[in-house]
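Q: Okay, predicted coordinates and the sequence, questions at the end:
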Amino acid sequence: MRRNLAARIGVWSAHHRKTAILGWLLFVVLATGIGGASGLVEMTDSENAAGDSARAEQILDDAGLGQPAGELVMVSATKAGDWRGPARDLAAAIGRTGEVTNLAAPVPSEDGKDALITFDLKGDAATAPDRVQPVLDAVATARADHPDVTIHQFGEASAGKWLGDLLSEDFKKAEFTAVPLALGILLVAFGAVVAALLPVGLALTACMAAFGLLSLASHQLHLFQTTYSVMFLMGFAVGVDYCLFYLRRERDERAAGRDAETALRIAAATSGRAVLVSGLTVMVAMAGMFLSGLMLFKGFALATITVVFIAMLGSVTVLPALLSWLGDRIDAGRVPFLGRRGRRTRTGGGTAGTVLKPVLARPKIFAVASVAVLLALAAPALGMKTEQLGLEKQFGSDSQLSVAYRQIDEAFPGGPAPARVVVKADNIGAPALRKAFAGFDKVSVHRAQNVAEIEVPLPGGTAGLAELREKRLPAAFDGTGAQVYVTGETAGSVDFNDQLKRGIVPVFAFITAVTFLLMLFCFRSYVIAVTSILLNLLSVAAAYGVMVAVFQHGWGASLIGSEGVGAIEAWIPLFVLVVLFGLSMDYHVFVVSRIREARDRGLSTRAAIDEGIRRTAGAVTGAAVIMVAVFAVFGTLSMQDMQQMGVGLAVAVLLDATVVRMVLLPSVMALLGERNWRTPRGLSRLPGLEHGEPEPDAGTGAAGGPVWSGARG
């Protein structure tokens, strides 16, 4: 009898379970060990930049003129000039560390109450955070010795050290919080320790293997420092979900009286197939990020595709082998009173039945109401503003780093985030260029490389940058024949945003087209393909609206320990769009496959919707709760971009699993009726990807041989 690919893989794994299990463990150990030994290679500033900023950084890289890590220390007194003694002592202490160069004399502010000490860390800027501690100690000692003045420090090295320490702590927090949370949720869902441990164990081993492979790949495609966090977020959530879908179906079939072998084969042919389709959809959607034109997203794409593929592979290979080996021991460690409710809901009762009855009775009312709710949540997204959030915004307004940035910027406008103008010419010492340089205060000329660097404060932020690029630089350098580009924090943010605006169109076109084609081929219905995209867009729009309301406007931000910063991190909207287009297929493929399965057995569309939603409600709810919990953990981390990503994804998944899948999907499908299953004439000749399950009399008891058709899987 014919079997689909998932069924064939599941049967092979069950019959060769020792090979499957040991092969998986060997793969995880080798990938983790080799990847760990190779180390992770992070992208350079020029690789992470776009537009003129990237060109400026590339000129400096090619010339071997790596910019040293600059530091600013401001000494403030209540009276003008009272800073002189403390500032002199502090500058001497900083010099004695032996770690700094270009140490300048204190420069007073306009009112004379503040003085700014500037210097650079010796050596490579990338490793400066590892060497800045003696300077931090000198500043801390000065604070203790001079309580009559206030001392603030801000710079690339000090902020980098703070960021590195914080990321390490946050990643540990995420890992040690998300795993117990998922385990607890699965324990409630299954009521047995072994059944709960299985998805968590497979998800963690998938993440470990993906970490190793990503480290190897980073030697070819350099990665951003938060890529590992993004990978763990995706890999753990998806890995647990895929295993949950598979395991839930196997247990449902056992509860229906199937013998162990038949139950496992049905799970492989149905949920296993849904996992393959879902995983493929997620990976193809993630591939859209390669079209963004930014290395940051290429790294995200590689990371998420890798971890989703490994999680999917483990779910359809080693999981059937483990289930076959464990047999009834999957229920070992049963916890009293847990799991009973799950058994009731799997038979079609519970909350799903309560919600579904009025939805199917009045589908038009519920369809309009649910769309109205999602559009209302999405409304704030119309005013979305994006930027590359500086470190002073990433850590909150009360953090020491943010306070230092703000105080220095007030006393010395534009000082903490100046523009860096890079000039390259055939002869950097030409008279015309010397005349142009005379109009700027801080100019460093590198004659051997024919490159010059100019530091320009930007007190006006983006407005000051526009004036610099459009007026001041053309007035100074037009006619000199030199290449002139501007980089720096503000310029980098503007250029990154501009590239994102150009890149989001091809990415969006790619993922919508691919999602449409995959759903069309999977269900052979253009109606289901179109509704899949529209439902996804509603979920994404609602997530955008919530993110803007909370993190841009600050509405309710204090409830989650955050605050409004006036903008959304530049890379978040595109990342959330792509991730949600992929992840929503977890639920969509799983639910619609079960609906199609019921219809293929002869039920009417409305009856099939009722059965499909009821039978998948438990698994979808469990999977959604786990995803929301994992994403919400990232919403509690210290950095603003991680908070935005975690909250955005958590809200989107919550809405997708409740409003969309429990209300909007069944109401829309009920309104469409038999039109849901319209097959394009061109697809009628293609092999069918059927969605059926065995008829109720297909399986025999535990002692009998199963009569089972994989063609329906």
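A: Cool, the structure landed. It should be emphasised that the depicted structure is a prediction, and the values quoted were computed from it without experimental measurement.

Q: give the contact list for Ala567.
A: Applying CB atoms under 8 Å, 6 or more residues apart in numbering to Ala567 gives the contacts 385-387, 389, 393, 552. Every C-beta, even on glycine, is put in place using the N, C-alpha and C of the backbone.

Q: repeat that with 10 Å
A: 384-389, 393, 493, 497, 548, 551-552, 640, 644 (CB atoms under 10 Å, 6 or more residues apart in numbering).

Q: So how do I select the buried members of these in PyMOL?
A: Those of those that count as buried under 16 or more other CB atoms under 10 Å are selected in PyMOL with:
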select buried, resi 386+387+388+389+393+493+497+548+551+552+640+644
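
Q: Distance to Leu186 and pLDDT added to the contacts of Ala567, as TSV?
A: Shown next, in TSV, are the contacts of Ala567 (distance: CB to CB, whole Å; pLDDT from 0 to 100):
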residue	distance to Leu186	pLDDT
Met384	36	93
Lys385	39	91
Thr386	37	88
Glu387	39	85
Gln388	38	81
Leu389	35	83
Lys393	37	80
Ser493	41	85
Asn497	41	86
Val548	33	95
Phe551	31	93
Gln552	35	93
Gln640	31	88
Gln644	27	91
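
Q: which of the contacts of Ala567 lies closest to Gln449?
A: Nearest to Gln449 among the contacts of Ala567: Ser493, at 27.1 Å, using CB to CB.

Q: Now do the same contact list for that closest one.
A: With CB under 10 Å, 6+ apart, Ser493 has these contacts: 50, 53, 386-390, 417, 461-462, 465, 567, 570.

Q: Tell me the secondary structure at Val73.
A: Classification of Val73 using DSSP: H, G, I helix; E, B strand; the rest coil returns strand.

Q: looking at it, it is touching Phe154, isn't it?
A: Yes - Val73 is in contact with Phe154 according to CB atoms under 10 Å; the separation is 8.2 Å.

Q: In helices, which of the contacts of Ala567 appear?
A: Among the contacts of Ala567, the members falling in helices are 393, 493, 497, 640, 644 (criterion: DSSP state H).

Q: Report the two members of the residues you listed separated by the largest distance.
A: Largest pairwise distance in the ones in helices among the contacts of Ala567, by CB to CB, is 16.4 Å, between Asn497 and Gln640.

Q: any shared contact partners between Val73 and Phe154?
A: Joint contacts of Val73 and Phe154 (CB under 10 Å, 6+ apart) are 404, 408.

Q: Tell me how many other residues surround Ser399.
A: Per other CB atoms under 10 Å, the neighbour tally for Ser399 reads 16.

Q: cool, and Val41?
A: Residues within reach of Val41, counting by other CB under 10 Å, total 15.

Q: show me what contacts it?
A: With CB under 10 Å, 6+ apart, Val41 has these contacts: 215-223.

Q: among these, which ones are buried?
A: Among the contacts of Val41, those classed as buried by neighbour count (16+ other CB under 10 Å) are 215-218, 221-223.

Q: Can you tell me which residue is spatially central in the protein?
A: The residue lying closest to the centre of the chain (CA atoms, centre = their mean) is Val230, at 4.5 Å.

Q: Val275 versus that one, what's the distance?
A: For Val230, the distance to Val275 (CB to CB, to the nearest Å) stands at 21 Å.

Q: if we can go back for a sec, nearest to Ile528 among the ones in helices among the contacts of Ala567?
A: For these, the nearest to Ile528 is Gln644 (31.9 Å; CB to CB).

Q: For Gly33, see how far away that closest one is.
A: Applying CB to CB to Gln644 and Gly33 gives a distance of 35 Å.
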